[in-house]
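Engineer: coords please:
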Amino acid sequence: MKPIKHNPELRAALLYKLVKFQAGGLGRCLLVNCKTLTPSLAVSIYETSYAIGAARNKGSIFTVLHHVAYLYTWASYKNIDLEMYLLKGFGLRYKQIKGFADWLNEIIDGDSNAVSPYNRKVMQSCKSFVIWFVFNYVANDELIKADVELMELVKAQRYFWKRATKGGSGGEVALDLSDDELASIQSLLKDKLDKAIGNKNICHRNYLLWRLVKAFGLRIGEVLALRLDDLDLSGSDPYIEIVHLDKRTSRPDPRAPYHPKVKTLGRYLYIQPEDDDLVALLEEYISKYRVVEKNVMGGMKVTNFLDHDFLFIAHGPTGGARPMSCSSASRIANTIQVKSGVTFRWHLLRHSKFNRLYAAAQVSPNRDAAIDSIIYMGGWSSEASLLLYANRAVRDSTRRKLNENNKRRVADGS
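Structural biologist: Modelled structure (predicted):
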């Protein structure tokens, strides 16, 4: 697998940054100028609209506004009054959008002709951001006199952004891990657990994280958001429940505004026979390792009655049994990558699960039912969300046919 490319100067190139805070139990943010600390009025309006909307608990707002920081940085370098364009509902001219796309490719990949999936995500976020203002801040009557003209302006903006975004998104595939890479990482984590002495709590937790993501194709945020009440390990059909943040009735997450967000739909995921050891792994973690040393009636005692009900906790002398953070999970992924020599991040493990399920569904005698099961398991709302996996299946099928054809020609001497 090709190593993930990182540009250490990328953050330094941004003239704007996100400042996060908590309000009403929600993670909120401002986009501010790094030098003056002046917040963007337009972004504040956009973020507020998002915070009071139906999607307010999704984690994507932070990602979108981090992408928008590139647009504001580019506008500052070019002396373009972006706030004026946004708050008057003008949208951006094609020449400006094209200039932003070229600049973005240059600072991220060092090549104005580069085609990067990350660049396309930035462009998509900025496109949605700009068009939101076109819809909600209609220019004065002399410029736009009817809804028809407004729709024409929106249509033109969408066309401009699509044309300026190099490479498009239709052909993207879901990268994943090979069978050998999966086996290598699993062997590494299981071996560390089997040989652990003083840090068995950490090794058990890390192996359990791996197994849960691998078994169900979970987002790492969904795993970190699990609470004890989300587990039902008794009976003949043990399961875990993924609960969307909007449906939570318990007290707020103490990790806010950096708390993990459940972005997908809620669902029940039953533990399959091939993963039945997960029940024992979960029960052992909860009873033996999800503990803290507390002063109980004048003496220090180990107890599993914590101040929160989240499943995974921070271990070690400085952990304090707090709910495990997203940054801690990222550090575990980095350690796995270093120790195994395999390019790894948690989302690749999710892709590995669904790439294989989608490929199997294509040859299933009941293909539609298999696809419906995948949609439910992944927490999506429709088959349209499976495009990355569909593209991957088509690519792999084409490669197999080419290889078989080449082998046949070699055998025939043609």
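
Engineer: What is the subsequent helix or strand relative to the lowest-mean-pLDDT helix or strand in the chain?
Structural biologist: When the helices and strands of the chain are scored by mean pLDDT, DSSP states H and E, helix 10-13 comes last with a mean of 56. Helices and strands here follow DSSP states H and E; after helix 10-13, the next one along the chain is strand 16-23.

Engineer: elements contacting that following strand?
Structural biologist: Applying 3 or more Cβ pairs under 8 Å, 6 or more residues apart in numbering; DSSP states H and E, we find strand 16-23 packed against strand 26-33, helix 60-77. Bear in mind the C-beta positions are built from the backbone N, C-alpha and C, glycine included.

Engineer: What pairs with that strand, parallel or antiparallel?
Structural biologist: Strand 16-23 pairs in its sheet with strand 26-33 (antiparallel), by DSSP bridges.

Engineer: Could you list the alpha-carbon positions for the helix or strand that comes right after the partner strand in CSV?
Structural biologist: With elements assigned by DSSP H and E, the helix or strand that comes after strand 26-33 is helix 41-51. What follows is helix 41-51, C-alpha atoms only, in CSV (Å, rounded to 0.1, in the frame of the first residue of the first chain):
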residue,chain,number,x,y,z
LEU,A,41,-18.5,36.8,10.7
ALA,A,42,-19.6,34.7,7.8
VAL,A,43,-18.3,31.5,9.2
SER,A,44,-19.8,32.3,12.6
ILE,A,45,-23.2,32.7,10.9
TYR,A,46,-22.8,29.4,9.0
GLU,A,47,-21.6,27.5,12.2
THR,A,48,-24.5,28.9,14.2
SER,A,49,-27.0,27.8,11.6
TYR,A,50,-25.5,24.4,11.7
ALA,A,51,-25.5,24.2,15.5
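
Engineer: Can you show me the strands along this structure?
Structural biologist: If DSSP state E is used as the criterion, the strands of the chain fall at 16-23, 26-33, 231-232, 239-242, 267-270, 292-296, 299-303.

Engineer: The second one versus helix 60-77: what angle between them?
Structural biologist: What that stands for is strand 26-33. Strand 26-33 and helix 60-77 are oriented at 10 degrees to each other (axes from the mean of the first three to the mean of the last three Cα atoms, to 10 degrees).

Engineer: just the angle between strand 26-33 and helix 41-51, please?
Structural biologist: Strand 26-33 and helix 41-51 meet at an angle of 170 degrees, taking the same axes, to 10 degrees as the criterion.

Engineer: low pLDDT regions in the stretch 1-150 of the chain?
Structural biologist: For the stretch 1-150 of the chain, applying pLDDT under 70 flags the ranges 1-12, 54-59, 109-116, 138-150.

Engineer: again, only using 50
Structural biologist: Residue ranges of the stretch 1-150 of the chain with pLDDT under 50: 1-9, 11, 56-57, 141-144.

Engineer: Domain-wise, how is the chain divided?
Structural biologist: Domains of the chain are assigned by automatic domain parsing as 10-164, 179-348, 350-412.

Engineer: Can you give me the first-to-last residue distance of the second one?
Structural biologist: When you say that, I think you mean domain 179-348. 13 Å (Cα to Cα, to the nearest Å).

Engineer: Report the rounded mean pLDDT for stretch 209-216.
Structural biologist: For stretch 209-216, mean pLDDT is 96.

Engineer: now swap in stretch 227-234 and tell me
Structural biologist: 93.

Engineer: That stretch: which residues count as buried?
Structural biologist: Under the neighbour-count criterion of 16 or more other Cβ atoms under 10 Å, stretch 227-234 has 227, 230-231 buried.

Engineer: and stretch 188-203, how far from the chain's centre?
Structural biologist: 28 Å (Cα atoms, centre = their mean, to the nearest Å).

Engineer: likewise stretch 225-239?
Structural biologist: Stretch 225-239 has its C-alpha centroid displaced from the chain centroid by 24 Å (Cα atoms, centre = their mean).

Engineer: Pull up the distance across it, start to finish.
Structural biologist: Distance between the two ends of stretch 225-239: 16 Å, counting by Cα to Cα.

Engineer: So what touches it?
Structural biologist: By Cβ atoms under 8 Å, 6 or more residues apart in numbering, the residues outside stretch 225-239 that reach it are 240-243, 245, 250, 253, 259-262, 268-271, 279, 282-283, 286, 309-312.

Engineer: Likewise for stretch 77-90?
Structural biologist: Residues contacting stretch 77-90 (Cβ under 8 Å, 6+ apart): 15, 40-42, 71-72, 74-75, 91-92, 96, 99, 103, 130, 133-140, 144.

Engineer: Kind regards, and thank you for your time.
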